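# Next input, structure requested:
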Amino acid sequence: MKREIITLSGSTKFRDQFREVERMLTMDGKIVLPPAIYGKAEGIKHSVEVSKHLLSLHLDKINISDGIFVIDVGGYIGDSTKKEIDYAKDKGKFIKYYSKKFKEIN
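Residues are numbered from 1 along each chain as shown. Model prediction:
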């Protein structure tokens, strides 16, 4: 049985929600690829080179995934996340949204 692979996308300011979804999907038997660094939540600023490197890694995660789960608390989607969504669409990946799954807390 092939397990579904899902990349988590969204603003890293939502670290707690990322972790919540990672646990939920893992318990549901999915392979989850979250960010390794929550720069906005942790107040970390990266150089342009490091930011490009992290984006490249994230796009590689999307490439090997069946789809993405967008952490869009309150419907918030920033420019980087919009680009990741467009990339996933172009690659034929499914896209799910936190704000639709957890309507009662948004």
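# so where's this structure uncertain?
In the predicted model, the chain carries pLDDT under 70 at residues 39-43, 102-106.
# For burial, what's the neighbour tally of the closest residue to residue 55 other than its chain neighbours?
Using C-beta to C-beta, 6 or more residues apart in numbering and skipping residues adjacent in sequence, the residue nearest residue 55 is residue 80, 7.5 Å away. Bear in mind the C-beta positions are built from the backbone N, C-alpha and C, glycine included. Using other C-beta atoms under 10 Å, residue 80 has 15 neighbouring residues.
# And residue 80, which helix or strand is it part of?
Applying DSSP states H and E as the criterion places residue 80 in helix 79-90.
# Surely the residue nearest to residue 55 and residue 51 touch.
No. Residue 80 lies out of contact with residue 51 (C-beta atoms under 8 Å); the separation is 9.2 Å.
# ok, residue 76 - how many residues close by?
The burial count for residue 76: 16, using other C-beta under 10 Å.
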